[in-house]
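K.L.:
starting from these lines, generate the structure:
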Amino acid sequence: MLKIETQIGKRAKQLRQEKKITLKELSEKTNLSVGYLSQFERGINTIAIDSLAKIAEVYNVSLSYFFPNKSGENSVVLKSHEQETLDVIGENYIVTCLSVDNTDHILYPRLIEILPTLKTNEALQTYPHEGEEFIYVLEGILTLLYKDEKHYLYPGDSAHYSSSVPHNWTNSTNKNVKILCISVPNPFNENNPHIALDNDHISLNK
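P.N.:
Residues are numbered from 1 along each chain as shown. So this is what the prediction gives:
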């Protein structure tokens, strides 16, 4: 079975060829390098959701177009062994999809693992974006910055807030942090194919 990066890259390449767009032209339209796009299409590297959204916009398709369709008789259930890494952001964030099919739902659920931050002296920037967000800490200590106030969330703690207020969160410890994050709007919803993605802590729509 092909890993998800390979499947997404393969679908992206097929679509590009169908639309008769060269890698150079795609690079110019997305501001992503030709080398990066080539490696992405071959499944060599991962791609951030915001970068994939730029490609989807060029092709005039929804984000969900690139992801394998898991729907079936028991499509409401996603077993733990079926969960796949949706995104790897920088050196710190690993995002796992928790929905069997994101295209039909308002909520956007995912498991996010945040590795220890190496640049501990770097100020944490806050960003607003559309929607609402709920987070629940499963493991480790999460640092949440909201309305310029810093909160430390421990396992079992949660936060629920409007995403339009500048915010961000990070891992400032030397141990991994795992959180459940559920937010709206859902960037994969077929009714919102070109929704603007935020560029904060987990840009790629967190």
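K.L.:
just checking, Ser38 is part of a helix?
P.N.:
Yes: with DSSP: H, G, I helix; E, B strand; the rest coil as the criterion, Ser38 is assigned to a helix.
K.L.:
so what's it up against?
P.N.:
Counting by C-beta atoms under 8 Å, 6 or more residues apart in numbering, Ser38 makes contact with Leu23. From N, CA and C alone the C-beta is placed, and that goes for glycine too.
K.L.:
and it, how far from Gln7?
P.N.:
Distance of Ser38 to Gln7, computed by C-beta to C-beta, to the nearest Å: 17 Å.
K.L.:
then stretch 101-115 to PDB, C-alphas only?
P.N.:
Taking C-alpha atoms only, stretch 101-115 is exported to PDB below (Å, rounded to 0.1, in the frame of the first residue of the first chain):
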ATOM      1  CA  ASP A 101     -14.000  11.600   5.600                       C
ATOM      2  CA  ASN A 102     -13.400  15.300   6.200                       C
ATOM      3  CA  THR A 103     -15.200  16.400   3.100                       C
ATOM      4  CA  ASP A 104     -18.700  16.300   4.500                       C
ATOM      5  CA  HIS A 105     -18.300  17.700   8.000                       C
ATOM      6  CA  ILE A 106     -18.300  21.100   9.600                       C
ATOM      7  CA  LEU A 107     -15.800  20.100  12.300                       C
ATOM      8  CA  TYR A 108     -12.100  19.500  11.600                       C
ATOM      9  CA  PRO A 109     -10.700  17.000  14.200                       C
ATOM     10  CA  ARG A 110      -7.000  16.000  14.500                       C
ATOM     11  CA  LEU A 111      -4.400  14.800  16.800                       C
ATOM     12  CA  ILE A 112      -1.400  17.000  17.000                       C
ATOM     13  CA  GLU A 113       2.000  16.000  18.500                       C
ATOM     14  CA  ILE A 114       4.300  18.900  19.300                       C
ATOM     15  CA  LEU A 115       7.900  18.200  19.700                       C
END
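K.L.:
quick one: buried residues of that stretch?
P.N.:
Neighbour-count burial for stretch 101-115 flags Asp101, Asn102, Thr103, Tyr108, Pro109, Arg110, Leu111, Ile112, Glu113, Ile114 (criterion: 16 or more other C-beta atoms under 10 Å).
K.L.:
likewise stretch 20-40?
P.N.:
Neighbour counts over stretch 20-40 (16+ other C-beta under 10 Å) mark Leu23, Leu26, Ser27, Thr30, Leu32, Tyr36, Leu37, Gln39, Phe40 as buried.
K.L.:
next, count neighbours for Gln125.
P.N.:
Counted with other C-beta atoms under 10 Å, residues neighbouring Gln125 total 12.
K.L.:
which pLDDT value goes with it?
P.N.:
What the model reports as pLDDT for Gln125 is 83.
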